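A.B. asks: Predicted model and sequence below, questions to follow.
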Amino acid sequence: MFNSFIFKIARRYFFARSSKTIVNRINRFAFIMIVVSACSLLVVLSAFSGLKDFGLLYTNSFDPDFKVIPKVGKHFVLDGPALERASSLSGTSTASLVLEEKVLLANSLNSTSIVLKGIDSNHFLNQQLNDLSLVGVYDIRDKDNIYLGASVASDLDVVLSEDFSVKATVPSLNNFSLFNLSPFSSLFFEIQGIYQISGDIESKYAFTSLSSLSSLINVPPNHFSAIEIIVGDGFSKDVLEEELNQLLPVDFNIVSKQELNPALYKMLNTENFAVYLIFCLVVIIAVFNLVGSITIMMVEKTSDLKILSALGASKNSFSAIFLSLGSIVSFFGSLVGCVVGSIFVVIQGSNPFVYVPGTNLPYPVVLSFQNLLIVFLTVSLIGLAASYWTTRNLDKRFLD
C-alpha cells in the first residue's frame, strides 16, 4: 500500500502537466535528453558492431573454425588409417590436413617473404580461392604451381616480369652435406593465378599443393602442420578432443578462430569498450538535465509535501517519491531511446541513407539484443544513480 502510494505520486508528477510553464519545459527537456543519449549510444554501438563484422568478414572466411596444431615441434606424422580418420572427424563439416612454411619468394625483379600453405583437394578454401580469383584459375591438382595474393604479386612486380615463375627458398638442414654445402632448399613455382581479398591476407598467404610444399621443405608426404576444421551439425569440442587423442601421436592444441587472431580481436574489443566509455560520458552529461529537473520539482512541490506530511505521510517517503520520479524518467527515456535508435538502425540496414565517405558502400550496422540490453541498463542505472544522489537529503533540506 505504501509503495503504491509513492509510485502513484511519482507517476502523477511525471505525466501531469505542471501549472508553471518553465517547470514543464525543463521536465520535458530532461526526458528528451535521456531519449537522445540512449538513442545515440545504441546507434553508435550498432554501427561499431557492423564495422566489426564487416572487418572480420574476410578474416573469418579464410580462417577455419578450429585449428589443431602440435604443442611441440612443427609437424604431425600420420600414416595409413589415421589419414582417413583425420578427414572424417565427428561433428565436422570439413577436416583438412595442411602444411605451412614461411618461405622467401623471389623473381628477377624483387623478393618477399610469405607463408606458403599446402592444402589438399578437400580443403574449404578451394572454392573460395576460385571465387576470389583476379587472374587465372586455382587448381590444387597442378604440381609446382603457386597461387599468390595481389599484394605479393605487386611486391614481386609480376606483371612487369618476363616470366611468370618465382623461386621459393626455405632453410633446410636436411639438404646440408659434404656434397651440398647450402643450408637452403629451393624450388621454382609457376604462378597459376592471383587472388584478391584484403591486404593483410594477400600479403601473408600463398597457396600450393601439399606434395609441392613437401618437396620444397624436404619432408615425407605424411608430415602435416595442422588439421583445419569447419564444424558441422552435432559438433562437440570434447568429442573432437577424445578422437584426436586416439588419432594423433603427439600432444596438441585446439585453437579457435578467435585465438588464431588474438591481436585483432583484442583491438576490436578494446575499441568497442573505449567507444562505450566515451558515450557513457555523453549519457552522464545528459543526466545533469534530470538532476536539475528533479531539483526544481522538489522546490516546487515543497508545499504539497508539507500537506502530505500533515495528512500522515512519513517524511521518509518524500525522498522515495522523487527517486521514483527520476527512475520513471530514466526507465521510459532509455526505453523510448532504444526504440527510436532501433528504428534508425533497421532503416539503415534495409534502406541505407548513410554511406561510407567517398564510396557507394552503405555504412554497416548490426542491431543486437546485447547492445539493446547494454544501452537500456547503462542509461537507466546512470539515471537512477543521479536521482538517488539528488534526493538523498530531501527531508533535511525542505521539511525541517
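C.D. replies: Cool, got the structure.
A.B. asks: Would you state the helices of the stretch 151-300 of the chain in chain order?
C.D. replies: Under the criterion DSSP state H, counting those that start in this stretch, the stretch 151-300 of the chain carries helices at the ranges 199-202, 210-217, 237-247, 257-260, 262-300.
A.B. asks: Need those helices in CSV (columns: mean neighbour count).
C.D. replies: No exception for glycine: its C-beta is placed from N, CA and C like everyone else's. Putting these into CSV (neighbours: other CB atoms under 10 Å) gives the following:
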stretch, mean neighbour count
helix 199-202, 18
helix 210-217, 20
helix 237-247, 13
helix 257-260, 14
helix 262-300, 16
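A.B. asks: Save the ones you listed as CSV, and put in distance to Phe353 and mean pLDDT too.
C.D. replies: Formatted as CSV, the entries for the helices of the stretch 151-300 of the chain read as follows, by distance: least, CB to CB, whole Å; pLDDT from 0 to 100:
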stretch, distance to Phe353, mean pLDDT
helix 199-202, 29, 80
helix 210-217, 49, 87
helix 237-247, 43, 83
helix 257-260, 33, 82
helix 262-300, 22, 82
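A.B. asks: Tell me which of the ones you listed sits nearest to Ala106.
C.D. replies: Across the helices of the stretch 151-300 of the chain, Ala106 has its closest neighbour in helix 210-217 (13.6 Å, CB to CB).
A.B. asks: what about the closest residue to Ser172 other than its chain neighbours, distance to Ser215?
C.D. replies: By the measure of CB to CB, 6 or more residues apart in numbering, the closest residue to Ser172 outside its immediate chain neighbours is Ser185, 3.6 Å from it. Distance, Ser185 to Ser215, by CB to CB, to the nearest Å: 9 Å.
A.B. asks: Helix or strand: which one has the residue nearest the centre of the chain?
C.D. replies: The geometric centre of the chain, computed from its C-alpha atoms, lies nearest to Lys52 (CA atoms, centre = their mean), at 4.8 Å. For Lys52, the element it lies in under DSSP states H and E is helix 21-62.
A.B. asks: Likewise for Asn122?
C.D. replies: Short version: Asn122 belongs to no helix or strand, going by DSSP H and E.
A.B. asks: That one reaches Val98, doesn't it?
C.D. replies: No. Shown here, Asn122 and Val98 do not form a contact pair, counting by CB atoms under 8 Å, at 10.7 Å.
A.B. asks: Neighbour count: these two, which is higher?
C.D. replies: Of the pair Asn122 and Val98, Val98 is the one with more neighbours under other CB atoms under 10 Å, namely 20 against 12.
A.B. asks: Dig out what the more buried one forms beta bridges with.
C.D. replies: With DSSP bridges as the criterion, Val98 is bridged to Ile119, Ala226.
A.B. asks: which ones are touching it?
C.D. replies: Taking CB atoms under 8 Å, 6 or more residues apart in numbering as the contact definition, Val98 lies against 117-120, 123, 210, 224-228.
A.B. asks: confidence score at it?
C.D. replies: On pLDDT, Val98 comes in at 89.
A.B. asks: go on, Asp395?
C.D. replies: According to the model, Asp395 scores 55 on pLDDT.
A.B. asks: Could you check the angle the helix holding Lys52 makes with helix 262-300?
C.D. replies: Put simply, helix 21-62 runs at 170 degrees to helix 262-300, going by axes from the mean of the first three to the mean of the last three CA atoms, to 10 degrees.
A.B. asks: roughly how far out does helix 21-62 sit from the chain middle?
C.D. replies: 18 Å (CA atoms, centre = their mean, to the nearest Å).
A.B. asks: any low-confidence regions in the chain?
C.D. replies: Low-confidence regions of the chain, defined by pLDDT under 70, span residues 1-24, 140-142, 160-163, 173-182, 299-319, 393-400.
A.B. asks: which ones are touching the residue lying closest to Ser37 once chain neighbours are set aside?
C.D. replies: For Ser37, the nearest residue in space outside its immediate sequence neighbours is Ala286; the separation is 3.9 Å by CB to CB, 6+ apart. For Ala286, the contacting residues are 33-34, 36-37, by CB under 8 Å, 6+ apart.
A.B. asks: I'd assumed Thr92 was in contact with Phe235.
C.D. replies: Yes. In terms of CB under 8 Å, Phe235 counts as a neighbour of Thr92; the distance is 6.7 Å.
A.B. asks: So which of those two has more stuff around it?
C.D. replies: Remark: of Phe235 and Thr92, Thr92 carries more neighbours, 22 against 17, as counted by other CB under 10 Å.
A.B. asks: So what does the more buried one look like in phi/psi?
C.D. replies: When read as degrees, to the nearest 10, the backbone of Thr92 gives phi -110, psi 140.
A.B. asks: how far away is it from Tyr276?
C.D. replies: Computed with CB to CB, the distance linking Thr92 and Tyr276 is 36 Å.
A.B. asks: Tabulate the contacts of Ala286 (JSON lines), appending neighbour count.
C.D. replies: Formatted as JSON lines, the entries for the contacts of Ala286 read as follows, by neighbours: other CB under 10 Å:
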{"residue": "Met33", "neighbour count": "22"}
{"residue": "Ile34", "neighbour count": "29"}
{"residue": "Val36", "neighbour count": "18"}
{"residue": "Ser37", "neighbour count": "27"}
